[in-house]
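*Asks:* no sequence on this one, just coordinates:
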Ligand code: 5GP
Ligand code: ZN
């Protein structure tokens, strides 16, 4: 599904809900997380609606590669190229928005696992 009218991230991509843009590529959009967990905390989403990262991997592997490249470009621009990439997948893993999104944490040295 290209666009889901009930999805908050589809609304952000469409500009119907404001967001702080960090980067955009042909098929991805990156914006600042409302509740940042690092000096730079971006969410990288495919512009088309997919429920989770596994769906993207299965249906369009090159789009998953583009999400990773966008994460790298954000870390290159805002830090020294180092970043943490997290895809919460499923409710029990902490996924609360069911539009695939990569959390990109960067902008500082990250501690922990
Ligand atoms: P999840 O818990 O699904 O892995 O991550 C969802 C993320 O989206 C959370 O980190 C939350 O702060 C962020 N978020 C939820 N609603 C909005 C919103 O309307 N705007 C922005 N910028 N971030 C949001
Ligand atoms: Zn969506």
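*Replies:* Noted; the coordinates are in hand. Bear in mind the structure is a predicted one, so any value in this text is a computation, not a measurement. Residues are numbered from 1 along each chain as shown. Ligands and ions are numbered 1, 2, ... in the order given.
*Asks:* which residue sits closest to residue 71, ignoring its sequence neighbours?
*Replies:* The shortest distance from residue 71 to any non-neighbouring residue, by Cβ to Cβ, 6 or more residues apart in numbering, is to residue 104 (4.5 Å). Backbone N, C-alpha and C define where each C-beta goes, glycine included.
*Asks:* next one: residue 59
*Replies:* Nearest to residue 59 is residue 50, by Cβ to Cβ, 6+ apart, at 6.9 Å.
*Asks:* need the contact list for the one you found.
*Replies:* 56, 59, 99-100 (Cβ atoms under 8 Å, 6 or more residues apart in numbering).
*Asks:* do you know how far residue 93 is from ligand 1?
*Replies:* 8 Å (Cβ to the nearest ligand atom, to the nearest Å).
*Asks:* State the number of residues packed around that residue.
*Replies:* Using other Cβ atoms under 10 Å, residue 93 has 10 other residues around it.
*Asks:* Equivalent analysis for residue 29, please.
*Replies:* Residues near residue 29, counting by other Cβ under 10 Å: 20.
*Asks:* How about residue 48?
*Replies:* 19.
*Asks:* Which ones among the contacts of residue 50 lie within helices?
*Replies:* 56, 59 (DSSP state H).
*Asks:* what stretches of this protein score poorly on pLDDT?
*Replies:* Applying pLDDT under 70 to the chain flags the ranges 1, 113.
*Asks:* right, is the lengthiest strand in the chain up against ligand 2?
*Replies:* Across the chain, the longest stretch assigned as strand under DSSP state E is strand 40-46. No: Strand 40-46 lies apart from ligand 2 when judged by Cβ under 5 Å from the ion; the minimum separation is 7.6 Å.
*Asks:* so what does that strand touch, helix or strand wise?
*Replies:* helix 8-13, strand 21-24, strand 28-32, helix 61-78, strand 102-106 (3 or more Cβ pairs under 8 Å, 6 or more residues apart in numbering; DSSP states H and E).
*Asks:* Identify each buried residue in the first one, please.
*Replies:* Neighbour-count burial for helix 8-13 flags 9-13 (criterion: 16 or more other Cβ atoms under 10 Å).
*Asks:* show me which of those neighbour ligand 1.
*Replies:* For ligand 1, no contacts are drawn from those by Cβ under 6 Å from any ligand atom.
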